[in-house]
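[1] This is a predicted model, with the sequence first.
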Amino acid sequence: QVQLVESGGGLVQAGGSLRLSCAASGRTFSLYHTGWFRQAPGKEREFVAAISRSGGTTAYADSVKGRFTISRDSAENMVHLQLNSLKPEDTAVYYCAASFGLGSRMSEYRYWGQGTQVTVSS
């Protein structure tokens, strides 16, 4: 069993930055790859980024590539998502999730956090 808790969301102006964190409980977290997804109002949840359990492999959605960076602190059981050059269209609830497979499909992810709100004003 893995429990995930996101933090770090907030209100920021366009061009600003935020750092989201995903804290995991459970000794088996190291067995899972971790992804970030987001859901804007009225839209489907979409893939943002993922990182392998070793931290050696990352993947990003085209819409965030070059602006967002995912990282992993295995000693602390945490995964971070650095959001730079934020745009109003990045406004969404951001969720972290854990999976045995490193992919971009929601169906691959077994455990989910409750989400943290990111709002980018223009």
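    Here it is on my side, so go on. Numbers count the residues shown, from 1 in each chain.

[2] how far away is the residue nearest to the spatial centre of the chain from Val5?
    The residue lying closest to the centre of the chain (CA atoms, centre = their mean) is Trp36, at 2.5 Å. In this view, Trp36 and Val5 are 14 Å apart by CB to CB, to the nearest Å. C-betas here are computed from N, CA, C, even on glycine.

[3] and for the two, which residues touch both?
    Counting by CB atoms under 8 Å, 6 or more residues apart in numbering, the contacts common to Trp36 and Val5 are Cys22.

[4] Helices of the protein, start to end?
    For the chain, no helices are identified by DSSP state H.

[5] Would you confirm that Gln13 contacts Ser121?
    Yes. In this structure Gln13 lies within contact range of Ser121 using CB atoms under 8 Å: 5.4 Å.

[6] what residues are up against the closest residue to Thr34 other than its chain neighbours?
    Closest residue to Thr34 apart from its sequence neighbours, by CB to CB, 6 or more residues apart in numbering: Val79 at 4.5 Å. Each residue near Val79 by CB under 8 Å, 6+ apart is listed here: Ser21, Cys22, Ala24, Thr34, Trp36, Ile51, Ile70, Ser71, Arg72, Asp73, Cys96.

[7] Show me what Val79 bridges to in the sheet.
    When bridges are called by DSSP bridges, Val79 pairs up with Cys22, Arg72.

[8] That one and Thr69, how far apart?
    Distance of Val79 to Thr69, computed by CB to CB: 11 Å.

[9] thinking again about what came up before, give me the neighbour count for the residue lying closest to the residue nearest to the centre of the chain once chain neighbours are set aside.
    Distances taken as CB to CB, 6+ apart put Val48 closest to Trp36, at 4.3 Å, once the chain neighbours are dropped. By other CB atoms under 10 Å, the residues close to Val48 number 25.

[10] List the contacts of the nearest residue to Tyr94 once chain neighbours are set aside.
    Among residues not flanking Tyr94 along the chain, Arg38 sits closest, at 4.8 Å (CB to CB, 6+ apart). Shown in contact with Arg38 (CB under 8 Å, 6+ apart): Arg45, Glu46, Val48, Asp90, Ala92, Val93, Tyr94, Tyr95, Val118.
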